[in-house]
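Student: okay, sequence plus prediction incoming.
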Amino acid sequence: MIFRQLFDPASSTYTYLLAEGGEAVLIDPVFEQVRRDAALLRELGLRLVATVETHVHADHITGAALLRRRLGCQVMGAAAGGAQGLDRALVPGDRIAFGGRFLSVRATPGHTDGCITLVLDDETLAFTGDALLIRGCGRTDFQQGNARRLYQSVHEQLLTLPDATLLYPGHDYRGLTVTSVGEERRYNPRFGGASSPEDFCGHMAALALPHPKRMMEAVPANLRCGEPESEPPPEPDWAPLTWAFAGLWEIEPQALEELATRPQLVDVREPHEFNGPLGHLAGSRLVPLGELRNRLDELDPNRPVVLVCRSGARSAQATLQLMNAGWGRVANLTGGLLRWRAQGGAVEGGED
């Protein structure tokens, strides 16, 4: 069996590929990573038979609908999740076949009503979504969350699996990749040891977490399986770009570094930021976002443009401005200078 664990750095989401006999299943694909996933399937010579959602996500948008368009796979998710456009609405006990193997569906609600866990046929692997994370769990304060129900789900459906069963979560924010039933039963501070439902409910009620940044965009999109409201344009030929659900092209820092021909770099921050601690990209032109509309004549319309800011938010607005003004070869630097520097990219000025 082929097994791959894939990662989306923007949302800290894990996507899982399982394949046998040339047939593959993708668990929790991410919209912005569809090109990556399709390329991997092609390179491994696999036919994607299904994408499966562990729940209706609030922190990223699924790539299920785009993969169905590209590769003709089925889109699957829990019937209890309420998503429209599923090819197969899953209920507990269902089996998802690929090659000669299958995943069985277990209901693990509590984070959301429609949370499911997918258990490999021999119970060596299980994919827990947000129901059980490594030494933690998904939150229970919105989207039908119910702490007591989650505690019950995890104890009845997950911690009853064999100790050696490896558990693969939907997310991790510390770089951890896998755990086991035995570890979580022993060391998970929320479910393990001598914890009780009352302990767990009190802990969850005291978390007071901010809502996910993309929640208002992600939940409605995922309730229609990630189907975009407009058709993505043809893929550009000047750089390896990714079409974002917000309706613009984005370029990863590494891809920008590796371009043979450097595009125009336009930094849309304020002057004090351009010369501040983060520094700026060599050769970039400072055009603050509020001035961009009136300074387009400073840019060469015959060369591609990459927009840059601190985190990628303001530069996304700038990218849309240029696209709406008729500029065709424009992209946003994904994650902005924060991600560029985190990945070791060089800057001028700035601080260590």
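Tutor: Arrived safely, thanks for sending. Numbering: from 1, shown residues only.
Student: list the buried residues for stretch 116-131?
Tutor: Within stretch 116-131, the residues scored as buried using 16 or more other CB atoms under 10 Å are 116-120, 125-131. Yep, even glycine has a C-beta here, placed from its N, CA and C like the rest.
Student: got it, and stretch 131-144?
Tutor: Neighbour counts over stretch 131-144 (16+ other CB under 10 Å) mark 131-140, 143-144 as buried.
Student: secondary structure and pLDDT added to those, as TSV?
Tutor: Converted to TSV, the buried residues of stretch 131-144 look like this (DSSP: H, G, I helix; E, B strand; the rest coil; pLDDT from 0 to 100):
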residue	secondary structure	pLDDT
Ala131	coil	98
Leu132	coil	98
Leu133	strand	98
Ile134	coil	98
Arg135	coil	97
Gly136	strand	96
Cys137	coil	97
Gly138	coil	96
Arg139	coil	96
Thr140	coil	96
Gln143	coil	89
Gln144	coil	93
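Student: switch these over to a markdown table; also include distance to Pro277.
Tutor: Output for those, formatted as a markdown table (distance: CB to CB, whole Å):
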| residue | distance to Pro277 |
| --- | --- |
| Ala131 | 40 |
| Leu132 | 39 |
| Leu133 | 33 |
| Ile134 | 33 |
| Arg135 | 33 |
| Gly136 | 32 |
| Cys137 | 36 |
| Gly138 | 35 |
| Arg139 | 32 |
| Thr140 | 38 |
| Gln143 | 37 |
| Gln144 | 42 |
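Student: of those, which is the nearest to Pro228?
Tutor: Pro228 has its nearest neighbour among the buried residues of stretch 131-144 in Gln143, at 21.8 Å by CB to CB.
Student: go ahead and confirm the closest one touches Asp59.
Tutor: No - in this structure, Gln143 is not within contact of Asp59 by CB atoms under 8 Å, at 10.9 Å.
Student: farthest pair within the buried residues of stretch 116-131?
Tutor: Across the buried residues of stretch 116-131, no pair lies farther apart than Leu120 and Asp130, at 19.0 Å, counting by CB to CB.
Student: quick one: contacts for Pro169?
Tutor: Pro169 makes contacts with 14, 128-130, 132-134, 179, as judged by CB atoms under 8 Å, 6 or more residues apart in numbering.
Student: quick check, nearest of those to Leu296?
Tutor: Using CB to CB, the contacts of Pro169 come closest to Leu296 at Tyr14, 40.8 Å.
Student: the closest one: what secondary structure?
Tutor: What DSSP: H, G, I helix; E, B strand; the rest coil gives for Tyr14 is strand.
Student: test my guess that it contacts His171.
Tutor: Yes - contact criterion CB under 8 Å: Tyr14 and His171 qualify, at 6.6 Å.
Student: as TSV, the contacts of Pro169 with distance to Ala313 would be great.
Tutor: Shown next, in TSV, are the contacts of Pro169 (distance: CB to CB, whole Å):
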residue	distance to Ala313
Tyr14	24
Thr128	31
Gly129	27
Asp130	25
Leu132	32
Leu133	27
Ile134	29
Thr179	33
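Student: mind listing the helices for the stretch 51-200 of the chain?
Tutor: 64-71, 147-153, 181-187, 197-205 (DSSP state H, counting those that start in this stretch).
Student: could you list the buried residues of the first one?
Tutor: Within helix 64-71, the residues that count as buried by 16+ other CB under 10 Å are 64-68, 71.
Student: and if you look at stretch 263-282?
Tutor: In terms of neighbour count (16+ other CB under 10 Å), stretch 263-282 has its buried residues at 263-270, 273-274, 278-281.
Student: now, which of those sits nearest Phe245?
Tutor: Taking those together and measuring to Phe245 by CB to CB, the closest member is Val268, at 21.0 Å.
Student: show me what contacts that closest one?
Tutor: Shown in contact with Val268 (CB under 8 Å, 6+ apart): 287-289, 292, 307-309, 314-315, 317-318.
Student: from those, which ones fall inside helices?
Tutor: Of these, the ones assigned to helices by DSSP state H are 314-315, 317-318.
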